[in-house]
Every structure is written in C-alpha cells, then in structure tokens.
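> the amino acid sequence is not available; the structure is as follows:
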C-alpha cells in the first residue's frame, strides 16, 4: 500500500519582448510501506541415497558383452551402429513433434521569425522551378506529345506530393534540426539507412550542381554569346562534339569560380526567372524545306532565289545546298525537288495545332525534325542529309528517357524542411508551405504543357536548341518585352541553383561526417574556424567535376534523378513504417497522412527509378547497399530510437511465435548453441578457444548463447555480473562469435548451470545443443550436466584440451577429423564434421569414420552398409570398421577399478565429515536466533506453522551414529572388492581407448560418443574416471551426446 502525491506548478513570466514563457514543474511524492517477511530457507533438493559403491544395484544388463559395457544402459534408446546399419533400408527421419538524445545547441541565437511564405513557400518554389523548365520542357512536350507529357508531369508531381505528405508527418513529429531529409531518414530508419540515403542525397545534390552549371554554360554559349566558344566545328557533323568540349572547359571554369566565391545575393536573382509567367503570344516564323525544319543561322530570307532589279539572284540559303551561287549550280537533290515554306512558329490557341501535338514523335539520334502534315518530295539519296543545315535529334528519344530528364524539375521540395531552424512555427509552416509550393508548380507545369502544345508548332517544340528560330531559347520567344528577359532570368536562375547546391552539399556531408556513422568520412567533418566545411567543399567540387566532364545535361539529369528518388523513397518508407508500428513517440501534428499513401509514394518512387533508367537505378541501389553494409560492419554504433529497431522487434516476435508452433524438421535442424564458459578470478574468459571453436562450428549461422554462472546472489554480485558480461562480449568480438551473452548469479554452480540449460533462449529460438570445456578438476563438474541436458532432450558437446584447439586465424593442413561412431544417437556425430569443414580452418581436413564391430557382427557387410549410408547422406568420408574381440579382463583393469572405488569411498567419508561440520554450524545459528524466534512465535504461531531445527540431543545422537558409520567405512576400504559392473565398464574404457589411440592419435580432432552417466547417481565419481580412461593419450577430443532426435536424413 502506498500514497501518491502529484504537484503541478506553472510559472508564467514576460521576457520584456511581448512573449510569455511557461515553466511547468511536475513533481511526485511517493510513500511506500515496507513489508518484510522471513521464511525458512533450503536448497530445495531432495536428499540423495547413500553413495556407497560396494553394492551392485543394476537391474539387469541389456547387453551381456564386455566390450561395450560402458554404453549398455543406453542400448534401448541408442542402439549399436551395427544394429542401425542392419536396418538401413528402413532408415527414416521423424519430425519432432537511451541515453542518447539529440544534443541541443547551447548557443542562443536570434529568435526565428520566418513565416510560411518567405521561409518555405518561396524557397521551395525557387528550387522547383529550375533549369529543366527553361531548357527542356518545350522539347519534352514536342517529343512526347501533350498526353504523354501530362503523364510524366502527373507521375512526377504525384510522387513529390505524396513524399511531401510523408515528410510533413515526420517534420511535425518533433523538432527537425538542420539536415532536412537526412536527419528525418536517419532518425526514423536508423544510422545504416540514414547514412546510405544521406550520402545518396549528398551525391544527388552534388550532381544537381553539375546539372545547373551545365545549364548555365548551355544558356551562355547557345543563346547569349555563341561567339565565345573555344572549340568551333568546321563541319556540321562535328558540332555536337565541339559543344561538349566547350561545356567541359567553361563548366570547369564556372565550377572553380563558384567554389571560390560566395555570392550572397544570388538567390534573389532567381526571381527574374518568374517573369516568364507574364508571357504573351509573340510573332515568330520558321522556315521549312519541304517538311524539314531548317536551322535559321546563316540566312536572312526563307527563299531560294529573289528578284533584284529584274534579275533573279540566289540567296544565302541557296549557297548552303548548292556548290556555287550560280543558277545552274549542282544542288542537293531534296533541295531541288522541294520548295521552301514559311510557317508561323506560334500560331496560337485557335490554330488547331494542338491536334498535331497530342501524341509524341520519338526517333533515333540524327532523325530530322519534320512537319508530317507538310507536303514534300522524298529524295533517292539521303546520305548527304547529315551535312545539310537541317534540325535533327541529337540523342535517341523514348518515353522513359524523358521521365529521367524531367524529374529534376520537380525536386527541391526539401528546401522548407532544410530551413526548419529559421521558421517561426516549423510544424505549421513546413506542411502548408511545401504542399502549396508543389500544388503551385504542378499547376504551372500542367498549364505550360497544355499551352505549349496548343500554341507552338510541333517542329519548334522539338527543336531543342532553338536553331529554327535563329538560335533563340524557344520559351524565350514568348517573353515580353524581349526574349532576353527569359534568357537572362534562366541564366541567373541556373547560377543561383548551382551555388545553392555547392553550398548545401558540403554542409550535408559535414553533418553526416560529424554524426560519426561513417568512419572514413570523419575528416570531412572538420572545417575552418567559422565552421565552413573546407574539406567537404573540396570533395564536392571533385565529384561535381565528374558530372561536368560528362558534359551533357540530358545524361546528368537521370543520375541525380536516381539519388533524389531514392531519398524520397525512404522518406515515404520511414513514414509508413512509423505509422504501421504505432510507436509511442509517433504523434505528428500533421494529421492528413496515411500509411497507404506513404506506401503508394514509395512504390511510385521505385517505379520511376526503373522507368527512368534501370541500370542507373541498379547502380544507385548498389552504392546505397554498399554504404549500408559498410556502416553496419564498421560504422560507429548509434541508437536514435529508429523505426528499424521497432520493425526488428515486431519481425522477431512474429518469427518466434511461428517457431513456437512446431519444432524444426530434421532437414532444417542445425546446432543452436548454449556455450557454458568458465571465468577466472578476474571474471575473464578462461578458455577463449572454446569461443573460436563455436565460431568455426556455426560459421555465423543459427543461435549462439554464451552463458556463465557466478556464485552468490544477484543483489551482491550485480557489478561482477555486469563486468563478466562485458568481458565475455569483448572476447566474443575478438573471436568473431556472433550471439548473445547471459551471465547469472546463483547460490551454487549446479543450480546456475541448470537454470541456464532450462531457461536460455526465448520461445522457438532456444538452444538444442550445450557446448562446454572439459573440467580442470572433478569438483568443477559432475555428471549433473549430462543428466540435465538428457532430461531437456538437448545435445551435449564436451571439448577436452580445448586450449590446444585452433584459432580462427589458423589454417590446418592435410589431416583428418576422426569420428568414432559407437552408438547411433541421432546422427550428430556425422553432422558436426561436415559443419566444421565449411569453415576455412578445417576445410583441408578429411573425414574418417570408425565404427566398432563385435564378434557376432559381419565387419565386411557393415563397411559396405556404412559406405552406402554415407553416400545417401551426401558425405565424403573414409570408412573403417574396427573389430573388438572378447578378451579376458586384465589384472590392470581390476586394479584400476579397485583404486577408483577406494578413492570414491574415501571421498564419501570426507563428505560425511563436512556434513557434520555444517550441522554444528546450524546448531550455533539456532541458538543465536532463539530469542528473536520466541518473540515472533507469539504473534505468528498458528496451527499450520511448524519449526524444523536441530536440538542438542538430536545433534549428539546423529554425530555419534555418523562417527560409528565412518569408522566402519574406513575399515572396509582395505577389505572391499571391486564392483563387477564397474569392472566391465573400466574394461570397455581401456580397450576402446587402446583402439582409438592406435588409430587416431595423429588426427586433428577426434569425435567420440559420450557414454551416459550411471542410472545410480551414487557412481558419478566413477563415471568421470571412466571418461578420463577413455580419453587418455588423445589431444583434441570432442565428446558428443545426442539430444534424442534425428538430426540428419538421407531424404531430400
């Protein structure tokens, strides 16, 4: 029972600037009644029978031979191999049934004052309306047609709108510092995804800088000062290459200039580009030869000849197609057959040109731009067309290419979230401003597509560089009062966008580097004293130069489309994941979102990636995947409360529930390890090679639980348990053991290991195999571990001389792994060498299988059957059958058995003396607590309360009886005879050891069936002696005891 008091305090103060600050203090006061109770304690273990060894309690022998007497008590459940091989045809498998929060900036700056319009709407608008709108939108409309252009616009704008909805939900779920999409993704999906997508977003921003610089140079050299070109084409077919070289030279110079200069006011120049909204229909004419569009650069009049003073003279157009200006000159055949026609380039809405522009007109590189509705006479020889001044495609066009080129025109939606630190109310401004900006630009793009297709002649739209309109920007001829408004505006827009990319990308890289999730990027987290990212700017300039060397705007645009689409994909995925997992911290103020919309947005992003360019998409995903795996393998550990942890927990819960339904099929069985470690006095791992062996056996697959036990209570051993866990985890990292660590504190080692064997694991992910090292002394380990694992139907592996086992860095040469298959207990002996040989340490070792034949076995047939059995198991191994004939029990065996039993009897006497001392201590304890117990008895005694304690009379009687028994036992030690059952077991151990040492002393590893402990628990010391004799003279040994089920099968 307790009492809870809650106190709320609310302090309101005015800071003098008209703002009120609220301080809310929540305090609790809890008073609990302490309840203490006492009870009698005990180990809860029933007292075992008297462990005298000189009586034979065997209930009959299931096997009446002497050679295999060590295994005779298990013959009913684990038959001899000879019996198993006799039933080979019937062999089947049976299925069994934080501390880390984001650190706030301590420096208090000026109060943010930007609203929705200035802080979000206009920055998004300026970033979205960019170079593609001015340089490529008319060409896309002319090539794809109005309908397919609308499809492109709707797909891309729907993608950004859905992404904006998801981004708004994430941005309003708490404070989003600078870093924008990288911060949102990394904190929602974890450092691996955040780092991978953050670097992809950085690469996209960097290549966007390349695209804007290329757009700037294209406007400069094509529309403003064409005479500034350094490389000039002598022939028409060389014009494309000359343009690319000019782009590379001027682009590099422009990049260098932009990297050196910080143009503070450049973003205001972008507003000049918005003048195109006030466009009027302006009169322009184009010249056609037949149905082919002519480049209107080197002639003034669209005429072949004209009358000058009643004299017919040729024009400049004539000289372009003929070998001389004379009327009888030899001219191009197509020029001779067709007349020139002047048509209006912008006929207007009422002209009906919209019917011609509804559908697309794709074609290969070099295809002439023709007006299909204009009459023409085809020429027989078209080989010279490429040298004539026709307007032609410079690249092969198709729908998916145009999607990739157009998509950068809708990017820039993160501009508002990147400025969240400067907004007055970010959680209100980001959703409204971003969505309104996307809605505005979507309206602009859709109306532009329709108006361009309805007003402008198709051949003009498909003229990418404006050659048919005297080299003017096609969209510029719509401007009022002069085309220079659009040309200059778009030039400065591209310059400003390029500078923004070159200033934003290094800061993004700096933010990723300072997060410390990618170790090799840490150098880019440093900068000048004022925080400018100097090293990041150098790397950004180098990557940007790669895009400039590509030199083609149409080739660079799909590259950055991939990186932006991947970023948007993960923003949608983060929102959907958080919504579906229903994490407690997911409480966005923006309510107009749904996981289905986020999944639709993510699916649309993924589709657009492969629609635009499937090979670029694969490369981008490969880069992101490599970064992800690198961060996972080498990166710094971060815990940001991301959704991937929640997803992992849900997936793990679902998988565990599914695994709980039924145990694994024999084909899916693999050893799931519980590794029992011994610790030294400093709580360090005593046998690290055991971890190495587990790694070699598991090869990173399946479950591994590393456990240990400390004697004492958890209340007193808490610090030591934590230290032991840290030491074990450190050793696991060193030995490359992937798994879980579990250290328990228990009153004694036996109970502790028993608890681990019973409770380790969770649900269906429980261990099925226990691995431990051979004990240094018998006091450390008795047969209880074997009994516990047998009762739990778990396999047991005991490694002897484990410190001589190879490390993960060793490479064993030619040698053997010897398997001594005495009894069949599920096939684990066959499976373990196969698993070991998958690891590079044991890969060169060969597998040998030995089995034992008795007098009544046909050893030749056994060998054939065993070879056939291994063939069906798909195991490569040498087979040898060792014959063990019945022989008389030697005097050495009798003597060794007698010494063993005498030692056991002496240990029993020592045990009795220790019990007597414990009882004396109990009597003293009872006397000291008698007065306290008397007081409690008056208040608490009831009819069901019984006090169990020692009285003095009881103690004296018991001590005299024990002393009499002990003196009698000492006299009997030298008169005792060895137990016949123990003699036969010792005979088996001696004979089998001789055979194993003879055959396998030089093997790299010996695997041997572990005999079961005696059914009479009084003989555990003898059992350990049998095992010592069995393994004597062998270096690396692994004793194997099956878990009572088949683990290997001959069936597919």
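Cool, got the structure. Keep in mind it's a predicted model, so treat the numbers as computed, not measured.
> now do stretch 871-883: everything it contacts.
With CB atoms under 8 Å, 6 or more residues apart in numbering as the test, stretch 871-883 has contacts from 819, 830, 833-834, 846-854, 859-860, 862-863, 866-867, 870, 995, 999, 1048-1050. C-betas here are computed from N, CA, C, even on glycine.
> which of the residues you listed fall in strands?
Among the contacts of stretch 871-883, DSSP state E puts 819, 846, 847, 848, 849, 850, 851, 852, 853 in strands.
> greatest separation within these: which pair is it?
846 and 853 (22.3 Å; CB to CB).
> now for this protein, the helix or strand with the poorest mean pLDDT.
With mean pLDDT, DSSP states H and E as the measure, the helix or strand of the chain carrying the lowest mean pLDDT is helix 266-269 (a mean of 37).
> helices along the stretch 351-500 of the chain, start to end?
Along the stretch 351-500 of the chain, counting by DSSP state H, counting those that start in this stretch, helices occupy 399-406, 415-418, 426-455, 458-461, 484-515.
> mean confidence score for stretch 740-749?
Averaged across stretch 740-749, pLDDT comes to 90.
> which other residues reach that stretch?
Residues outside stretch 740-749 that contact it (CB under 8 Å, 6+ apart) are 43, 703-714, 716-718, 720-721, 724-725, 728-729, 732, 752, 755-756, 760, 780.
> these, buried ones only, as a PyMOL selection?
For the buried members of these, the matching PyMOL selection, counting by 16 or more other CB atoms under 10 Å, is:
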select buried, resi 703+704+705+706+707+708+709+710+712+717+720+721+724+725+728+732+752+756+760
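> can you tell me which of the contacts of stretch 740-749 are in strands?
Checking the contacts of stretch 740-749 against DSSP E, those in strands are 704, 705, 706, 707, 708, 709, 710, 711.
> now do the first one against residue 680, distance only.
Using CB to CB, to the nearest Å, one obtains 22 Å as the distance from residue 704 to residue 680.
> if we can go back for a sec, got the ones in strands among the contacts of stretch 740-749 as CSV, with distance to residue 597 and pLDDT columns?
Below are the ones in strands among the contacts of stretch 740-749 laid out as CSV (distance: CB to CB, whole Å; pLDDT from 0 to 100):
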residue, distance to residue 597, pLDDT
704, 42, 90
705, 42, 92
706, 45, 93
707, 47, 92
708, 51, 92
709, 53, 91
710, 54, 92
711, 59, 89
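> can I get the residues you listed in TSV with distance to residue 450?
As requested, the ones in strands among the contacts of stretch 740-749 are exported to TSV (distance: CB to CB, whole Å):
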residue	distance to residue 450
704	64
705	66
706	68
707	71
708	75
709	78
710	78
711	83
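> quick one: buried ones out of the contacts of stretch 871-883?
Applying 16+ other CB under 10 Å to the contacts of stretch 871-883 flags 819, 830, 833-834, 846-854, 862-863, 866, 870, 995, 999, 1048-1050 as buried.
> still on that earlier bit, of all the helices of the stretch 351-500 of the chain, which one is nearest residue 684?
helix 484-515 (33.8 Å).
> whichever helix or strand residue 1025 is part of: what's the following helix or strand?
Assigned by DSSP states H and E, residue 1025 belongs to helix 1020-1031. Later in the chain than helix 1020-1031, the nearest helix or strand by DSSP H and E is strand 1037-1041.
> given that following strand, what are its sheet partners and their directions?
Paired strands of strand 1037-1041, with direction, are strand 795-800 (antiparallel), strand 1005-1009 (parallel) (DSSP bridges).
> nearest to residue 343, out of those strands?
That would be strand 795-800 among the strands paired with strand 1037-1041, by CB to CB, at 88.3 Å.
> contacts for the closest one, please.
With contacts defined as CB under 8 Å, 6+ apart, strand 795-800 is touched by 671, 690, 693, 768-774, 785-786, 789-790, 805, 826, 828, 832, 1010, 1031, 1034, 1036-1043, 1047.
> buried among these? Make that a ChimeraX selection.
Of the contacts of strand 795-800, the buried ones can be selected in ChimeraX as follows, counting by 16+ other CB under 10 Å:
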select :671,690,693,768,769,770,771,772,773,774,785,786,789,790,805,826,828,832,1010,1031,1034,1036,1037,1038,1039,1040,1041,1042,1043,1047
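> just the contacts of strand 795-800: which are in helices?
In helices, judged by DSSP state H, the following of the contacts of strand 795-800 are found: 690, 693, 785, 786, 789, 790, 828, 832, 1031.
> farthest pair within these?
Greatest spacing in the ones in helices among the contacts of strand 795-800, by CB to CB: 693 and 790 (22.4 Å).
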